[in-house]
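Enquirer: Turn this into a model:
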Amino acid sequence: MNTSRRTFLKALGVGAGLAIGSRLGPLGGLVARADAPVERSALLLVYLKGGYNALFASPDSFMNTSFGVTSSNVLSVGGGALRVDGTFSALPKTALDRMASVGIAHGSSAHGESRHLLWSDKTDDKACALRLAAAMGGDAATKAVACGGATLLPVEGSGEPCDFSAVGGVSMQEIFDMKSTIDALSSTTGPDRAVAARAIAAAQTMSKNRLDASPKSLASLADGMGVARATLEKSVPVYDYNGIPGAYGLTSTVVEPTISPSPNAFKSRIAAAELMIAAGTNVVTVLDDHFQWDTHNDVNGMDVRTKMANRILPPLANLMTRAGAIPNLNLVVAIVGDFARSLPNSDHANGVTASVMGKYVKPGSTGRFDGNVGLAAGTPGPQGFWAYLAKVLRVPGEPFGPNPHTALV
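Expert: The predicted structure follows:
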């Protein structure tokens, strides 16, 4: 029997990520309970499959020389501590005031290898996103979600980028339709949640010997039972979940997969990201398709600027504004891709610089490129990036080792 978390939740009529520690009121009138935690953290990782042009996070490296960078399309943020591409002016000022460029010297110019290096924990090849979500703790039933799917298979077909099996009891859940989650989070009717939870607890007890005897083959079944029980044991939070799709101009709750060409595809994933962040998920990933960002011959940067301005930033700015109204939330948003684009033809560089925004981010850069799209010697690798995210998320301990980007905290 191959029963996953999603199957259990769907069968029970509930969606992923129902449990949260704080209780939120509708947007426009947010209310936190007196016993709500002082602060909780959440990461939204926006991953642009194919590449993330250095002009966004390090434009002054190419001033009047490459990628169409001029003084008229560069924006100074963080009180002058950092310069980024002018398209970022669409984001809330609160985000721009706490923005950093984080260098990642992974050393690869191949799609598959770079993704493997960026997403994998070097200690055991497990997914860094899952290790981070597990280390963040909290009482959310679902701690890691991929909106629209977690497909990171390179076009070349060189295999999975890393091991996405559970880490510390946390697995990556995929959401392709917000409806069941919204219904479960918004409704107080339906089957008695306490009775259903007790029924699952009884099933766990009766199945314990069998589950213990086959820990690998029945792992997904055990995992699904545990999440379903934890979900039902939580009280129903109050939040305007029903209003989320409409707030992004969507008429459907469908979350389009990462390869969808629809103009609403990325928008639907960001709407789902708000849903899951509001519901207490620790780590939410949103991928945009490879063919959007493998921008060969985009020598003046117009292609990526247009995509960023029209496709990525409007819904992202909307989410950051709306999530900024959630009490006691430390939301960290990171944008990154396979690698930067090389010169002269916007091909594959062998490193990348991420844009990171959050309450505890100190404006500045550890990822300034030189004029040939190279990072400085000694720039930290992918583990350093994840260690930095853990630091600004205020994760206890050091799940990826010490943060090497100390100047950005």
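
Enquirer: What are the phi and psi values at residue 309?
Expert: Per-residue torsions, residue 309: phi -70, psi -40 (degrees, to the nearest 10).

Enquirer: What distance do you get for the residue nearest to it when sequence neighbours are not counted to residue 262?
Expert: Leaving aside its sequence neighbours, residue 309 sits nearest to residue 87 (Cβ to Cβ, 6 or more residues apart in numbering; 4.6 Å). To be clear about C-beta, it is placed using only N, CA and C from the backbone, and glycine gets the same treatment. Residue 87 is 22 Å from residue 262, where distance means Cβ to Cβ, to the nearest Å.

Enquirer: So for those two, which sits in the more crowded spot?
Expert: Using other Cβ atoms under 10 Å, the more surrounded residue of residue 87 and residue 262 is residue 87, with 20 against 11.

Enquirer: Just to check, the more buried one is in contact with residue 307?
Expert: No. If you go by Cβ atoms under 8 Å, residue 87 and residue 307 don't touch, sitting 9.5 Å apart.

Enquirer: Run through the strands of the stretch 151-300 of the chain in chain order.
Expert: 173-175, 283-288 (DSSP state E, counting those that start in this stretch).

Enquirer: Using a markdown table, please lay out those strands together with mean neighbour count, mean pLDDT and distance to residue 241.
Expert: Rendered in a markdown table, the data for the strands of the stretch 151-300 of the chain read as follows (neighbours: other Cβ atoms under 10 Å; pLDDT from 0 to 100; distance: least, Cβ to Cβ, whole Å):
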| stretch | mean neighbour count | mean pLDDT | distance to residue 241 |
| --- | --- | --- | --- |
| strand 173-175 | 22 | 92 | 13 |
| strand 283-288 | 26 | 96 | 15 |
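
Enquirer: With distance to residue 248 added, can I get these in a markdown table?
Expert: Output for the strands of the stretch 151-300 of the chain, formatted as a markdown table (distance: least, Cβ to Cβ, whole Å):
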| stretch | distance to residue 248 |
| --- | --- |
| strand 173-175 | 15 |
| strand 283-288 | 13 |
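
Enquirer: Which among those strands is found nearest to residue 386?
Expert: strand 283-288 (10.8 Å; Cβ to Cβ).

Enquirer: ok, and what's touching the closest one?
Expert: By Cβ atoms under 8 Å, 6 or more residues apart in numbering, the residues outside strand 283-288 that reach it are 42-49, 129-130, 132-133, 136, 143-152, 172, 258, 266, 269-270, 273, 276-277, 311-312.

Enquirer: Check stretch 379-387 too.
Expert: For stretch 379-387, the external contacting residues (Cβ under 8 Å, 6+ apart) are 102-107, 117-122, 128, 131-132, 336, 351, 354, 366-367, 398-405.

Enquirer: if we go to 10 Å?
Expert: Under the criterion Cβ atoms under 10 Å, 6 or more residues apart in numbering, residues 102-107, 114, 116-123, 128-129, 131-132, 334, 336, 351-354, 356, 366-369, 388, 395, 398-405 lie in contact with stretch 379-387.

Enquirer: PyMOL command for the buried members of these?
Expert: Of the contacts of stretch 379-387, the buried ones go into a single PyMOL selection, burial set by 16 or more other Cβ atoms under 10 Å:
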select buried, resi 102+103+104+105+106+114+116+117+118+119+120+121+128+129+131+132+334+336+351+352+353+354+356+366+367+368+369+388+395+399+400+403+404+405
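
Enquirer: Now do residue 399 against residue 351, distance only.
Expert: Counting by Cβ to Cβ, the gap from residue 399 to residue 351 is 23 Å.

Enquirer: What about the nearest residue to residue 56 once chain neighbours are set aside? Give its phi and psi, please.
Expert: Nearest residue to residue 56, sequence neighbours excluded (Cβ to Cβ, 6+ apart): residue 85, at 4.6 Å. Main-chain dihedrals, residue 85, degrees, to the nearest 10: phi -70, psi 150.

Enquirer: which stretches of the stretch 1-150 of the chain have low pLDDT?
Expert: Within the stretch 1-150 of the chain, the segments meeting pLDDT under 70 span 1-37.

Enquirer: Helices along that one, start to end?
Expert: 5-11, 54-57, 93-96, 111-119, 128-136 (DSSP state H, counting those that start in this stretch).

Enquirer: got a pLDDT number for residue 258?
Expert: Looking at residue 258, its pLDDT is 82.

Enquirer: From residue 340, how far out is the closest residue to it other than its chain neighbours?
Expert: What sits nearest to residue 258 in space, not counting adjacent residues and going by Cβ to Cβ, 6+ apart, is residue 287, at 4.5 Å. Residue 287 is 18 Å from residue 340, where distance means Cβ to Cβ.

Enquirer: How about residue 409?
Expert: As judged by Cβ to Cβ, residue 409 and residue 340 stand 23 Å apart.

Enquirer: Settle it for me: which of those two has more neighbours?
Expert: Higher neighbour count among residue 409 and residue 340: residue 340, with 28 against 13, using other Cβ under 10 Å.

Enquirer: got a list of what that one touches?
Expert: Going by Cβ under 10 Å, 6+ apart, residue 340 touches 51-58, 104, 109, 346, 348-353, 367, 369, 373-375.

Enquirer: swap in residue 304?
Expert: Residue 304 makes contact with 48, 50-53, 55-56, 67, 85, 87, 292-293, 295, 298, 312, 337, 341, 346 under the criterion Cβ under 10 Å, 6+ apart.

Enquirer: Phi and psi next, for it.
Expert: Here is the backbone geometry of residue 304 (degrees, to the nearest 10): phi -70, psi -30.

Enquirer: How many residues are close by residue 109?
Expert: Residue 109 has 17 neighbours, counted by other Cβ under 10 Å.
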